[in-house]
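Participant: Here you go, sequence then predicted model.
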Amino acid sequence: LFFFLVDSTAHAFTFNLTPCSTMNNYVWKAALTWIPRSDIHFLKIVFKVWYDGAKSLTWKELLCSGADDKYSVCGTLKGETLVSAFDIKGSRINFPKGNYSIVVQGFSDYSENNMLLCLNFTMIVKQDAY
């Protein structure tokens, strides 16, 4: 996976996923390091995927609402270093051969006007993964 940040401001953000080969692995290990540029009391994530240029998935999830939040990112203050390791579990998607463009955006409001984070990366599947 290749990560590119969309805006021109330097970010302190890393995301690692193990294993690189995802087939027949039902638990992926993920690690996130991020220094946010604002306090995180509310965080809505929007995840969009395009396959060979066609939009194929949009997923939205409210991670932090300011009350009874269960994720470690919630409550992080501007300038704090957030370090989190977590598992991504469940059945795996079979990815057909091709190019996938993936955009992950984080917003500090329901209306998706105040963006905290925007990642744009490409996944290239070189052979059918069935």
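Facilitator: That came through fine. Numbering: from 1, shown residues only.

Participant: list the contacts for the residue nearest the centre of the chain?
Facilitator: A centroid search over the chain (Cα atoms, centre = their mean) returns residue 104, at 5.0 Å, as the residue closest to the centre. Applying Cβ atoms under 8 Å, 6 or more residues apart in numbering to residue 104 gives the contacts 45-48, 117-119. Using the backbone N, CA and C atoms, a C-beta is placed for each residue, glycine as well.

Participant: Let's see which of those end up in strands.
Facilitator: Counted as lying in strands by DSSP state E, out of the contacts of residue 104, are 45-48, 117-119.

Participant: before we move on, the earlier item: could you say which helix or strand holds the residue nearest to the centre of the chain?
Facilitator: strand 98-107 (DSSP states H and E).

Participant: who wins for neighbours among the ones in strands among the contacts of residue 104?
Facilitator: Counting neighbours by other Cβ atoms under 10 Å, residue 117 comes out on top of the ones in strands among the contacts of residue 104 with 21 neighbours.

Participant: Quickly note the distance from that residue to residue 39.
Facilitator: To residue 39, residue 117 is 13 Å away according to Cβ to Cβ, to the nearest Å.

Participant: hang on, the earlier thing: biggest separation within the contacts of residue 104, which pair?
Facilitator: 48 and 117 (13.7 Å; Cβ to Cβ).

Participant: which residues do the two both contact?
Facilitator: Common contacts of residue 48 and residue 117 (Cβ under 8 Å, 6+ apart): 104-105.

Participant: Poorly predicted segments of the protein, please.
Facilitator: The model of the chain has pLDDT under 70 over residues 1-25, 90-93, 128-130.

Participant: Would you check that residue 37 makes contact with residue 77?
Facilitator: No - Residue 37 sits out of contact with residue 77 when judged by Cβ atoms under 8 Å, with a separation of 10.9 Å.

Participant: Next, the buried residues of stretch 102-112.
Facilitator: Neighbour counts over stretch 102-112 (16 or more other Cβ atoms under 10 Å) mark 102, 104-108 as buried.
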